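1. 3D model of this:
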Amino acid sequence: MLDQIAKTSNTLSFLLLLLFVAWGPIAQGSVFAGGQAIITILGALVFLFCILGVALSKRPRFYNLPWITSIVLMIIWIVLSILHAQYSFAAFQQGGLLVSMFLAALSAQYLLRTVSRRNIFGLWLLLVGTTMSAYGIIQKMGYGKTLTVDPALITSFYYNPSHFAGYIILALPISLWALLFHKSILTKVLGLATSVALFYCLLHTSSSSFPAAVLASSIVFTLWIWRLFRPLGFIFATSIVLLVGGSVWLISDQQKWPLIDQALKFSQKTSMSGFVLPRKRILEQDLKATQHTPLYGVGPGNFVYFMPKFRPDKADKGNDPSFKLVNYAHNDYFQVAIELGKTGLAIYLIIITLTLLSGRRQDMLGASLLSGLTGLWISGLYDAHSTVIAGTMAWAWVSTGAIAGFSIPSQDHAAITAPVESK
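-> I've put the predicted structure just below:
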């Protein structure tokens with residue numbers, strides 16, 4: 001009897017997890033009120049049924065304990081930060097969302113181990129990406145609801161085109177996984193169509209996420225080449241490293257920004273100076289705020305009340321964002337450091353490190369998810385998709401769980417799971 005209840009709870013938790021990642025795009029958008037509150041509740045329900053199934057199982061198996069411990073520590077630290085926040089309502093609202101994300105990540109680590117579960121999960125992410133890109137194209141044609149003041153940019157279900165572009169960083173590697181690694185011809189066709197549609201949407205959203213999305217996609221493509229012919233894969237991997245290094249060199253020299261503008265004019269909606277200089281002003285404020293952050297941080301959702309204290313004495317020439325409403329740090333690492341303190345940032349970096357280390361033993365679904373996360377975490381240097389944008393957060397943190405869940409001792413691999421793709 002208890003074993004049957006455990007299996008039912010486990011299955012229900014898995015179904016709720018699928019709903020959780022599908023709800024992500026709705027949670028961020030203004031389709032209707034309460035979208036973000038619902039995803040917070042869904043994350044809690046996913047964990048509730050998952051832990052019930054674990055408690056009633058005869059022999060539950062736990063793997064990757066350092067990763068699990070780091071997630072639990074982050075949840076505890078978020079709760080402490082909420083309790084010490086000055087503005088309690090905002091702290092409970094945003095803090096509840098963050099806790100929900102990490103609870104869903106813990107659940108995914110336990111739920112997404114078997115071949116069938118991982119295959120269903122990957123295909124479900126593909127279908128959600130297909131739906132999002134299709135709606136974006138419909139919106140571009142003039143038949144969909146535009147959630148931005150600029151009708152030329154695609155937002156899909158998101159408030160802001162740059163938020164939708166952040167989601168595409170994670171969605172493109174999944175569509176490429178379906179195209180390049182899945183056995184089914186129908187899935188490959190759908191993966192190709194979705195990849196093309198997502199790339200089209202990327203060109204009509206916000207240019208800030210374009211390099212990260214291209215990097216994530218390039219990593220997946222390189223993995224495919226590597227499996228076919230390792231020397232060529234090595235050449236592709238080396239090329240990616242050189243291109244990233246060259247891009248950093250170009251960006252660091254302001255005199256070379258016109259070259260970047262010229263190279264990306266087909267997709268770039270804002271010039272380099274129009275993007276980098278306002279971001280620099282915000283990051284300067286972030287740095288000052290971090291230096292005055294208390295032990296537990298200012299609390300989740302309290303960034304917007306804390307930041308005005310660190311405005312410069314006078315506005316810079318032109319459009320200075322320092323004297324506007326800046327509701328998040330536009331940098332994942334500063335965002336965590338300010339709202340959760342330096343200890344919270346340390347835990348956050350440990351989670352990222354342990355997730356990357358888990359990538360040493362993955363199927364191609366896990367490798368594709370990690371490719372998307374790599375792009376997202378790099379974009380975290382100039383944006384905050386992993387810590388603020390609800391829809392992207394949902395995909396990102398569940399992805400970390402899926403990766404950590406597959407990183408298990410090699411002797412247990414055959415009994416628990418195996419790659420879902422063909423060689």
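2. could you pull out the helices in the stretch 101-250 of the chain for me?
-> 115-140, 161-181, 185-203, 210-228, 230-252 (DSSP state H, counting those that start in this stretch).
3. could I get those helices as TSV with distance to Q262 and mean neighbour count?
-> Backbone N, C-alpha and C define where each C-beta goes, glycine included. Formatted as TSV, the helices of the stretch 101-250 of the chain follow (distance: least, CB to CB, whole Å; neighbours: other CB atoms under 10 Å):
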stretch	distance to Q262	mean neighbour count
helix 115-140	25	20
helix 161-181	21	29
helix 185-203	16	18
helix 210-228	15	21
helix 230-252	11	12
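4. lowest average pLDDT across these?
-> Lowest mean pLDDT within these: helix 230-252, at a mean of 88.
5. mind listing what's buried along the helix or strand just after it?
-> Downstream of helix 230-252, the first helix or strand assigned by DSSP states H and E is helix 257-263. For helix 257-263, the neighbour count (16 or more other CB atoms under 10 Å) marks 257, 260-261 as buried.
6. so in this structure, where's the weakest helix or strand by average pLDDT?
-> In the chain, the helix or strand scored least confidently by mean pLDDT, DSSP states H and E is helix 410-416, which has a mean of 45.
7. which among the helices of the stretch 101-250 of the chain is found nearest to A6?
-> helix 115-140 (15.6 Å; CB to CB).
8. and that closest one with helix 185-203, angle?
-> Here helix 115-140 points in a direction 40 degrees away from that of helix 185-203 (axes from the mean of the first three to the mean of the last three CA atoms, to 10 degrees).
9. helix 115-140 vs helix 161-181, what angle?
-> Using the same axes, to 10 degrees: helix 115-140 against helix 161-181 is 130 degrees.
10. what's helix 115-140 packed up against?
-> helix 2-28, helix 161-181, helix 185-203, helix 364-379, helix 390-406 (3 or more CB pairs under 8 Å, 6 or more residues apart in numbering; DSSP states H and E).
11. show residues contacting stretch 219-233.
-> With contacts defined as CB atoms under 8 Å, 6 or more residues apart in numbering, stretch 219-233 is touched by 173, 176-177, 180-181, 234, 236-237, 240, 364, 367-368, 371, 374-375, 423.
12. closest to Y159 among these?
-> G375 (21.4 Å).
13. quick one: L123 from T194, how far?
-> Note on L123: its distance to T194, by CB to CB, to the nearest Å, is 11 Å.
14. what is in contact with those two at once?
-> A178.
15. any regions of the stretch 1-150 of the chain where pLDDT drops low?
-> Counting by pLDDT under 70, the stretch 1-150 of the chain has low-confidence residues at 29-33, 144-149.
16. so how far is H204 from M141?
-> 11 Å.
17. which one's more surrounded, these two?
-> Neighbour comparison, M141 and H204: the larger count goes to H204, with 19 against 8 (by other CB atoms under 10 Å).
18. and the more buried one, backbone torsions?
-> H204 adopts backbone torsions of phi -120, psi 30, taken as degrees, to the nearest 10.
19. just give me the neighbour total for the closest residue to it other than its chain neighbours.
-> Spatial nearest neighbour of H204, chain neighbours left out: I154 (4.6 Å); criterion: CB to CB, 6 or more residues apart in numbering. I154: 30 surrounding residues under other CB under 10 Å.
20. test for you: state the pLDDT assigned to the closest residue to M272 other than its chain neighbours.
-> Nearest non-adjacent residue to M272, counting by CB to CB, 6+ apart: W257, 3.8 Å away. pLDDT for W257: 78.
21. does W257 touch V276 like I think?
-> Yes: look at W257 against V276 with CB atoms under 8 Å: they come within range, at 7.5 Å.
22. could you measure from D261 over to I251?
-> Between D261 and I251 the computed distance is 12 Å (CB to CB).
23. what touches both of these two?
-> Residues touching both D261 and I251 (CB under 8 Å, 6+ apart): M272.
24. relative to L12, how far out is L52?
-> Distance check for L52 against L12: by CB to CB, it reads 9 Å.
25. in terms of secondary structure, what does the one helix or strand T353 maps to contact?
-> Element membership for T353, per DSSP H and E: helix 332-358. The helices and strands touching helix 332-358, judged by 3+ CB pairs under 8 Å, 6+ apart, are helix 65-84, helix 272-291, helix 303-306, helix 364-379, helix 390-406.
26. kindly export the third one (C-alpha atoms) in PDB.
-> Yep, that's helix 303-306 we're talking about. Provided in PDB are the C-alpha atoms of helix 303-306 (Å, rounded to 0.1, in the frame of the first residue of the first chain):
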ATOM      1  CA  PHE A 303      17.100  45.600  -4.200                       C
ATOM      2  CA  VAL A 304      14.800  48.300  -5.600                       C
ATOM      3  CA  TYR A 305      14.500  50.000  -2.200                       C
ATOM      4  CA  PHE A 306      18.200  49.700  -1.400                       C
END
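27. who touches that helix?
-> Under CB under 8 Å, 6+ apart, the answer for helix 303-306 is 86-87, 90, 289, 298, 325-329, 335, 338-339.
28. kindly report the same for stretch 69-89.
-> Under CB under 8 Å, 6+ apart, the answer for stretch 69-89 is 91-92, 95, 98-99, 102-103, 105-106, 109, 294-302, 305, 339-341, 343-344, 347-348, 350-351, 354.
29. what's around A90, how many residues?
-> Close neighbours of A90, defined as other CB under 10 Å, add up to 18.
30. and the one 4 residues further on, by the same measure?
-> Residues near Q94, counting by other CB under 10 Å, number 26.
31. kindly report the same for the one 3 residues further on.
-> Counted with other CB under 10 Å, residues neighbouring L97 total 22.
32. now it: which helix or strand?
-> Assigned by DSSP H and E, L97 falls in helix 88-111.
33. that helix versus helix 65-84: what angle between them?
-> Note on geometry: by the same axes, to 10 degrees, helix 88-111 and helix 65-84 are set 170 degrees apart in direction.
34. buried residues, helix 88-111. List them.
-> Buried residues in helix 88-111, counted by 16+ other CB under 10 Å: 90-111.
35. next: stretch 270-285.
-> Here stretch 270-285 shows 271-272, 275-279, 281-283, 285 as buried, counting by 16+ other CB under 10 Å.
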